[in-house]
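Colleague: sequence below, structure please.
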Amino acid sequence: MICLSDTTANTMTILYTVFNAAPSKYLIKKNTITLAGVVGTAAVFLRSVSQASRLFANNGVQYSLVVHDSSLQPTYFLVNLAGIIQARFSPGVGGVVPPQDSLSEVYNVVNDKYLLPSQIKSIVEGPSSTSISTTYGMNRSIIDFVPTINYQDSTIGENLYVTGGVLKNYDGAVVVEDNFFLFPEGLVAGANAASGGSMSNGTYQYIAIYSWFDNRGQLHRSETSVPLSRVTSAGGTSQTQIITIPTLRLTQKANVFVELYRTETLGSIFYSVTSLTAPVFNDTTLDVISITDTLSDASLISREQLYTTGGILDNSAAPNASIIANWKNRLVLAGLEDDQQIAYSKIFNPGSPAQFSDALKVNISNQGGPVTALGVLDDKLILFKESLMFALAGNGPNNAGEQSDFTQPELISSDVGCSDPSSVVVVPDGIMFKSSKGIYLLNRGMNVSYIGAEVEEYNASQVTSATLVPNNNQVRFLTDDNYCLVYDTFFQKWSVFNNHGGKDAEVLNGSYLYLRSNENLVYRQDSSYLDNGQPISLQIDMGWLSFAGIQGFQRVYKLLALGEYFSPHKLIIDVAYNYQNIFIESKTVDSSDFINAETYGDGSPYGSDTYYGGDSGLNAYQFRLNMGTQKAQSIRIRIREVQNDVTGRGLSLSNLNFEVGLKAGTGKIKQSQTFGTT
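Modeller: Residues are numbered from 1 along each chain as shown. As a prediction, this is how the structure comes out:
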């Protein structure tokens with residue numbers, strides 16, 4: 001029994017395991033008791049699981065570790081007090097039901113990370129292929145409620161898949177677990193009657209699966225049960241056979257149904273006993289349901305065959321993962337419990353969901369630590385580690401798991417990897433990504449180059465999203481700070497958007513949308529030059545300009561600017577000299593002082609304008625700025641736009657020109673900065 005106090009209501013919530021005939025039929029009940037000793041009404045919390053830890057809380061929400069203990073599918077689940085499964089781990093290799101008077105504690109490691117101790121099973125083959133034994137050890141799992149990387153997603157066909165403690169599937173209506181947490185385990189043959197059906201004496205085999213139609217009309221089917229062999233011997237050709245099947249008691253899906261398949265007598269192909277048009281629905285309030293088979297062999301073989309016919313691999317629930325990619329008509333997962341593996345789906349078929357199988361995995365070299373990110377470049381899957389990169393090529397196996405031509409992952413970089421999984425983005429020249437040393441490009445020739453020097457002052461910021469915006473020829477890297485790093489793929493130059501930190505971004509129907517940090521609001525880009533009602537102003541920060549060499553001697557007389565005028569504005573031009581990071585001069589240029597914004601038709605009376613567009617020679621956007629300090633080794637310019645009464649696009653600059661005089665020798669250094677005797 002475990003409980004957790006609720007001081008506001010002076011009550012305690014109690015969870016306790018109710019034992020049954022077999023551990024797979026155990027259930028947990030929930031009740032309350034007040035400090036005055038008033039006991040509430042007990043209700044079933046979850047079926048087919050037992051408690052495996054004490055309750056613990058994170059941000060005011062209580063959780064517990066539970067275990068489904070069975071011969072083939074011992075698995076742990078993390079659930080909240082609403083009974084919603086938050087994570088699934090150690091599938092098929094979990095432990096047994098622990099003594100309920102010695103449930104393990106869950107430890108808060110740091111911040112939102114918790115350590116969950118549990119059992120894990122190792123399968124050991126004995127001296128013969130049929131001799132298999134198991135040993136149990138201790139497993140250390142870390143649950144992170146606020147991971148440092150965003151939940152990733154990928155779309156294939158009609159479904160959106162989202163990573164996390166459980167791989168989730170969104171069909172446009174509901175978000176549910178991928179496939180099914182469990183398959184039907186432990187079919188039991190019930191009564192064989194002599195009348196009521198069309199079966200004859202014979203030896204048959206049965207298989208059951210769980211199935212579900214999603215909002216798109218796609219059929220999801222679980223892994224198959226172990227075949228059950230049954231001999232009917234009631235005599236005659238009017239026999240029936242009852243098969244009892246465990247229900248699926250752990251699911252977020254509504255309207256799951258159970259399909260039963262059978263062979264002909266002494267046959268090997270399984271045909272459907274049940275019907276998709278009149279399905280036998282699952283019932284989460286029961287441990288088992290029974291289906292009566294009445295079909296003759298002649299009727300049976302005209303029905304649908306089991307989806308694994310022909311050696312097709314079983315559909316399995318995908319492992320929990322933090323990283324996902326869409327590659328060669330498959331989904332690929334990384335960030336698994338085994339962090340040196342990737343899992344991939346079967347080849348996608350239109351009209352069906354993505355289908356994973358436990359057999360479809362690739363082991364990666366343990367060199368360089370866990371896989372940290374995935375990228376797709378042409379025909380290759382790029383596997384990132386913290387400071388390494390591998391490339392995987394080939395088309396992989398067919399859906400029977402055969403004829404795989406995957407290559408061994410090939411090392412393509414031994415000193416650069418990816419530190420921010422959400423920074424990986426495909427661009428015209430290859431893949432851009434952020435490493436611990438800055439932003440790099442992996443080009444289509446598999447060569448790595450550093451292209452983030454201009455924004456390396458932001459290297460400490462974590463990239464939360466990287467999005468190619470084709471209409472603007474830009475790649476936008478949202479960060480967890482208040483900045484968005486913007487790379488122009490045409491000019492190959494960087495700029496920075498401030499007040500533009502975000503959690504995630506997408507381009508939908510040509511429009512850029514992003515989720516701003518610390519807000520539950522999505523913003524869409526438009527042409528208003530307003531950011532949530534606030535004006536967007538231009539700022540240009542230039543690097544140091546040394547026309548006579550890095551430490552040469554020069555006179556900078558004038559700055560000439562050429563551009564295009566759009567609306568009234570002012571420019572504040574700040575100037576710094578001699579590598580001093582202090583702007584010592586500031587000049588203000590008001591566009592109204594040299595631009596005549598009058599256009600044809602503005603004159604009064606109508607048509608009185610001298611020239612179309614206003615007075616000739618007064619509407620060209622160019623001006624000259626005389627430098628206050630001319631002698632210098634170097635000069636640096638900052639240009640800031642200030643909007644006037646009308647907010648909009650103020651200007652665009654196409655050219656900056658300097659009038660410079662050069663002198664021989666080096667720049668003049670102050671006596672206080674000169675050392676030595678000469």
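Colleague: the strands in the stretch 501-650 of the chain, which residues?
Modeller: 502-508, 511-516, 522-524, 530-531, 534-535, 539-541, 552-565, 569-577, 585-590, 622-626, 631-632, 635-643 (DSSP state E, counting those that start in this stretch).
Colleague: how about low-confidence regions in the stretch 1-150 of the chain?
Modeller: 1-9, 125-133 (pLDDT under 70).
Colleague: what's the average pLDDT for stretch 309-326?
Modeller: Averaging pLDDT along stretch 309-326 yields 96.
Colleague: show me which positions of it end up buried.
Modeller: 312-326 (16 or more other CB atoms under 10 Å). All C-beta spots, glycine's among them, are computed from the backbone N, C-alpha and C.
Colleague: now stretch 236-247
Modeller: Within stretch 236-247, the residues that qualify as buried are 238, 239, 240, 241, 243, 244, 245, 246, 247, counting by 16+ other CB under 10 Å.
Colleague: if I look at the residue lying closest to the fourth one once chain neighbours are set aside, how far off is residue 203?
Modeller: This points to residue 241. Closest residue to residue 241 apart from its sequence neighbours, by CB to CB, 6 or more residues apart in numbering: residue 293 at 4.6 Å. Residue 293 sits 14 Å away from residue 203, going by CB to CB, to the nearest Å.
Colleague: more neighbours, those two?
Modeller: The neighbour count for residue 293 versus residue 203, taken as other CB atoms under 10 Å, is higher for residue 293 (22 against 14).
Colleague: can you pull the contacts of the residue most central in space within the chain?
Modeller: Central residue of the chain (CA atoms, centre = their mean): residue 152, 0.5 Å from the mean position. If you count contacts by CB atoms under 8 Å, 6 or more residues apart in numbering, residue 152 has them with 162, 163, 322, 323, 324, 421, 422.
Colleague: isn't the third one up against residue 150?
Modeller: The one in question is residue 322. No. Here residue 322 does not reach residue 150: they are 9.4 Å apart, not a contact under CB atoms under 8 Å.
Colleague: quick one: end-to-end length of stretch 341-358, please.
Modeller: Terminal residues of stretch 341-358 are spaced 12 Å apart (CA to CA, to the nearest Å).
Colleague: quick one: that stretch to chain centroid distance?
Modeller: Put simply, stretch 341-358 sits 17 Å off its chain's centre (CA atoms, centre = their mean, to the nearest Å).
Colleague: thinking again about what came up before, can you put the strands of the stretch 501-650 of the chain in JSON lines and add mean pLDDT and mean neighbour count?
Modeller: Listed next are the strands of the stretch 501-650 of the chain as JSON lines, based on pLDDT from 0 to 100; neighbours: other CB atoms under 10 Å:
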{"stretch": "strand 502-508", "mean pLDDT": "90", "mean neighbour count": "18"}
{"stretch": "strand 511-516", "mean pLDDT": "90", "mean neighbour count": "18"}
{"stretch": "strand 522-524", "mean pLDDT": "89", "mean neighbour count": "13"}
{"stretch": "strand 530-531", "mean pLDDT": "77", "mean neighbour count": "14"}
{"stretch": "strand 534-535", "mean pLDDT": "77", "mean neighbour count": "12"}
{"stretch": "strand 539-541", "mean pLDDT": "88", "mean neighbour count": "13"}
{"stretch": "strand 552-565", "mean pLDDT": "91", "mean neighbour count": "16"}
{"stretch": "strand 569-577", "mean pLDDT": "94", "mean neighbour count": "19"}
{"stretch": "strand 585-590", "mean pLDDT": "94", "mean neighbour count": "13"}
{"stretch": "strand 622-626", "mean pLDDT": "93", "mean neighbour count": "15"}
{"stretch": "strand 631-632", "mean pLDDT": "88", "mean neighbour count": "20"}
{"stretch": "strand 635-643", "mean pLDDT": "92", "mean neighbour count": "18"}
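Colleague: in JSON lines: the ones you listed, plus distance to residue 455.
Modeller: Converted to JSON lines, the strands of the stretch 501-650 of the chain look like this (distance: least, CB to CB, whole Å):
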{"stretch": "strand 502-508", "distance to residue 455": "16"}
{"stretch": "strand 511-516", "distance to residue 455": "18"}
{"stretch": "strand 522-524", "distance to residue 455": "22"}
{"stretch": "strand 530-531", "distance to residue 455": "20"}
{"stretch": "strand 534-535", "distance to residue 455": "23"}
{"stretch": "strand 539-541", "distance to residue 455": "12"}
{"stretch": "strand 552-565", "distance to residue 455": "24"}
{"stretch": "strand 569-577", "distance to residue 455": "20"}
{"stretch": "strand 585-590", "distance to residue 455": "25"}
{"stretch": "strand 622-626", "distance to residue 455": "28"}
{"stretch": "strand 631-632", "distance to residue 455": "27"}
{"stretch": "strand 635-643", "distance to residue 455": "17"}
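Colleague: and the helix or strand hosting residue 160, what does it pack against?
Modeller: Assessed by DSSP states H and E, residue 160 sits inside strand 159-162. On a contact count with 3 or more CB pairs under 8 Å, 6 or more residues apart in numbering; DSSP states H and E, strand 159-162 meets strand 153-156, strand 168-170.
Colleague: now stretch 350-370: buried residues?
Modeller: Buried, per 16+ other CB under 10 Å, within stretch 350-370: 352, 353, 354, 355, 356, 357, 358, 360, 362, 364, 368, 370.
Colleague: how long is that stretch from one end to the other?
Modeller: 33 Å.
Colleague: next one: stretch 426-441
Modeller: 10 Å.
Colleague: so which of the helices and strands packed on strand 159-162 is nearest residue 439?
Modeller: Nearest to residue 439 among the helices and strands packed on strand 159-162 is strand 153-156 (22.5 Å), distances taken as CB to CB.
Colleague: check which helices and strands that closest one is in contact with.
Modeller: strand 159-162, strand 323-327.
Colleague: if we go to 10 Å?
Modeller: Judged by 3 or more CB pairs under 10 Å, 6 or more residues apart in numbering; DSSP states H and E, strand 153-156 is in contact with strand 159-162, strand 168-170, strand 323-327, strand 330-334.
Colleague: quick one: the helices in the stretch 201-350 of the chain?
Modeller: Counting by DSSP state H, counting those that start in this stretch, the stretch 201-350 of the chain has these helices, from start to end: 297-300.
Colleague: now the strands for it?
Modeller: Under DSSP E, counting those that start in this stretch, the stretch 201-350 of the chain gives strands at 202-213, 219-221, 228-232, 240-246, 257-262, 271-272, 280-281, 288-293, 323-327, 330-334, 341-345.
Colleague: let's have the ones you listed in CSV, adding distance to residue 388.
Modeller: Converted to CSV, those look like this (distance: least, CB to CB, whole Å):
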stretch, distance to residue 388
strand 202-213, 40
strand 219-221, 37
strand 228-232, 48
strand 240-246, 45
strand 257-262, 45
strand 271-272, 49
strand 280-281, 50
strand 288-293, 50
strand 323-327, 15
strand 330-334, 14
strand 341-345, 14
